[in-house]
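> pasted the sequence and its predicted model underneath.
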Amino acid sequence: MSMNPQTATSTTRDSSDPISTSARQVWTPLDAAELYGVENWGSGYFGVSDRGTLMAYPDAIPEAGIDLYDVALGLASREIGTPVIVRLPGVLQHRMQDLRRAFDDAIAALDYQAGYSCVYPIKVNQERHVCEAVRDFGAELGFGLEVGSKPELIAGLALTRGFDEMPLVCNGFKDAEYIETVVLAAKMGRNMLPVVEQAHELRLIRDAALAHDVRPGFGVRAKLAAPGIGRWAGSSGIRGKFGLTVGEILHAVEYLEEVDLLDGFRMLHCHVGSQIFDIRAVKYTVSELAHLYVELVRAGAPIEILDLGGGLGVDYDGSQSATDSSVNYTLDQYASDVVHRIKSVCDEAGVDHPTIMTESGRALVAHSSVLITDVIGSRTFRVEPDHDLVRRALGVDEPPQPLLDVHEAYERRHVGEDEMLEVYADAEHALSEAIHLFNLGYMDLRTRAACEELFWAVGSAALETYGDDLPESLSHLPDRLADLYFVNVSVFQSLLDSWGIDQVFPIMPIHRLDEEPMRRGILADITCDSDGRVDRFPGEGGHKTTLELHDVPPPGTDSGDREPYYLGIFLTGAYQETLGDLHNLLGDTNAVHVRRGSNGRWRIETVVEGETVRDVLSYVQFEPEQMRRHLRHDVEAAIEADRITPSEGASLRRFLDEGLQGYTYLE
Ligand SMILES: Cc1ncc(COP(=O)(O)O)c(C=O)c1O
């Protein structure tokens, strides 16, 4: 049974309402799983337990789960506060194994004569613990790493220490120092694969080869004509930022022959954009790259590896469609199409099959992080106006006409479907007249407030009247009447792509799933920025603009009196952690690595503490020690002037000290 969100909004503003009580009796956790589309976006890694909590299944099997609500409570009792990133290394490992399996299956099924490897681009999530996990799991699978800048190169070298065989693909803009470091690391025995992205980098490679007497292997990134797709379409095509055009590649081959380095041309590379949502774009790109490969082999380039870059997408909204937050293919289809295309082009040309490499980042790490946060309160519109306020507003000598009109609409709010549109239109018109009068100074605050309250009540009645069959002209109403749920998080720090590129992330409560969520809301974060909100959620046919949620007390309710209401924000492992910024000085969140122990219980493997106020202040050049000195000085002056007592001064100093050591989020 799926919940009718419209009914939920309109019928049950009051939890004592008999309709909501009866609805709740038939609601089961399965309904919650369906409502939030867990199966669609969860890829088998998430599900709902019988007791109404959200489970993570690191091995994609329901028999071995981790109860995320249990984890949230366990973290709270260890004083690890929200927001907290719960990383699930088991999910990461399973994703990596699945990628290996998908390509191995395709290679075996199609009798492909070479292998597959993936290099993880560390920019997708550079957190050391994540990279180390990828490296450790990857070493068993024949995978490697990819870096795209000098700092990432240094991180990559540190990560692959002791893993000499592990391929380290080096992309990005390069200067002589970058190339020299790569060449020397190769000389030391590391498996370095610098990728020439700009024509002049070939000269840098030649210079380093001469200076250090080595014959380095390298790749060349091709600028394909294949159009990229989606948000990152600009990564490819002739106007793309990186890569050599076909003409430049031909010149490069001539140049390499001239300087006797052609035998180093080991890899042909491309990257047409992240989150490729349409499998046709993958096929098109691979065909073009494969044809380029056979032509270059014929021209004498000893290329062994075809690197297709990133792009393997994630179905964030679970719609399995060719839209920005989804993909219209499975992992197996991706692998099979890639292998099939390369094989057919090579076979036709009579050229050896190359090793296939991808730089899949998002698809490896997205599922393995869940951001858990809690709701600090909600603001809702009342179904019933404040009757006392309305009575007082109407009780004056000559109540203004808009108030009388909206009140009349309110009185008629149960007219039934035929007349409701008219009643709502009257109320809407009266409200706009009221605001106009107020803005001109002809209406007092109380009257305006009464008009608004009456209007919201009429709106709620309209929702209730039409239920699922909301007329087109009222389609804006559910959003307009949606509740605001305040969540202890910064969108700019933890969910940047939701703000920056309208990326949809699955979001849902991780408990109370055996209870029908009777409200619909949007999420507002704790930054002082009106953009700090989330109002796109996975929904039927793409996304919906409000989320079904449970009742919570209003903000300001004493924390001792309220049960936490935890929300999970899923598929956040890729790009969100390090792209985030310090808006309002809300810093890095806590992160924990959680695994399922052999006894079936979850355990914390690693805790990475979030930033303190002291940390973030120092990033913007505030000096906590100086602040402490200044405060002490001011406190002493105030005590001397009898403005505060010594113990009040001590409290102030304690507040500063504790504040500096504290988490940047609400505690
Ligand atoms: C060169 C290169 N390789 C790989 C990737 C990772 O792509 P994805 O996360 O889509 O797999 C990117 C990301 O844009 C990239 O620029």
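Arrived safely.
> quick one: low-confidence ranges for this protein?
Where the chain drops to pLDDT under 70, the residues are 1-25, 227-239, 555-561.
> could you list the domains of it?
Domain assignment for the chain, taken from automatic domain parsing, gives 90-363, 387-479, 613-661.
> burial of the residue of the stretch 201-350 of the chain found nearest the ligand, as a residue count?
Relative to the ligand, the nearest point of the stretch 201-350 of the chain is G310 (1.9 Å; CB to the nearest ligand atom). From N, CA and C alone the C-beta is placed, and that goes for glycine too. Neighbourhood size, G310 [other CB atoms under 10 Å]: 28.
> could you list the buried residues of stretch 476-493?
477-478, 481-483, 485-493 (16 or more other CB atoms under 10 Å).
> about what we covered before: got phi/psi on the residue lying closest to the residue of the stretch 201-350 of the chain closest to the ligand once chain neighbours are set aside?
Spatial nearest neighbour of G310, chain neighbours left out: E359 (4.7 Å); criterion: CB to CB, 6 or more residues apart in numbering. E359 adopts backbone torsions of phi -110, psi 60, taken as degrees, to the nearest 10.
> how much space between E359 and M267?
In this view, E359 and M267 are 12 Å apart by CB to CB, to the nearest Å.
> need the overlap of contacts for these two.
Residues touching both E359 and M267 (CB atoms under 8 Å, 6 or more residues apart in numbering): V169, D307.
> so which bits of stretch 180-197 are buried?
In stretch 180-197, counting by 16+ other CB under 10 Å, buried: 180-187, 190-197.
> send me that stretch as CSV with only the CA atoms.
As requested, the backbone C-alpha atoms of stretch 180-197 are provided in CSV (Å, rounded to 0.1, in the frame of the first residue of the first chain):
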residue,chain,number,x,y,z
GLU,A,180,59.5,14.9,-12.9
THR,A,181,58.0,13.5,-9.7
VAL,A,182,56.0,11.0,-11.8
VAL,A,183,59.0,10.0,-13.8
LEU,A,184,61.2,9.5,-10.7
ALA,A,185,58.5,7.5,-8.9
ALA,A,186,58.3,5.3,-12.0
LYS,A,187,62.1,4.9,-11.9
MET,A,188,61.8,3.9,-8.2
GLY,A,189,59.5,1.0,-9.3
ARG,A,190,56.0,2.5,-9.0
ASN,A,191,53.4,1.8,-11.6
MET,A,192,53.0,5.4,-12.8
LEU,A,193,50.8,6.3,-15.8
PRO,A,194,50.9,10.0,-16.5
VAL,A,195,48.3,11.1,-19.0
VAL,A,196,49.2,13.8,-21.5
GLU,A,197,46.3,16.2,-21.4
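> closest residue of the stretch 51-200 of the chain to the ligand?
P121 (4.2 Å).
> what is the neighbour count of that residue?
Neighbourhood size, P121 [other CB under 10 Å]: 26.
> and if you look at the one 5 residues further on?
Per other CB under 10 Å, the neighbour tally for Q126 reads 15.
> please, which helix or strand holds the closest residue to it other than its chain neighbours?
Nearest non-adjacent residue to Q126, counting by CB to CB, 6+ apart: T578, 5.2 Å away. Element membership for T578, per DSSP states H and E: helix 576-579.
> give the contact list for the nearest residue to A363 once chain neighbours are set aside.
Excluding the flanking residues, the one nearest A363 by CB to CB, 6+ apart is L312, at 4.1 Å. L312 sits next to L99, I276, L331, Y334, T358, S360, R362, A363 when contact means CB under 8 Å, 6+ apart.
> and for P151?
Residues near P151 by CB under 8 Å, 6+ apart: none.
> gap between it and Q621?
21 Å.
> now the residue nearest to A363: phi and psi?
phi -60, psi 120.
> what does A102 give?
Dihedral angles for A102 - degrees, to the nearest 10 - are phi -60, psi -40.
> again with L268
Dihedral angles (degrees, to the nearest 10) for L268: phi -110, psi 130.
> doesn't P302 make contact with it?
No. Contact criterion CB atoms under 8 Å: L268 and P302 do not qualify, at 11.1 Å.
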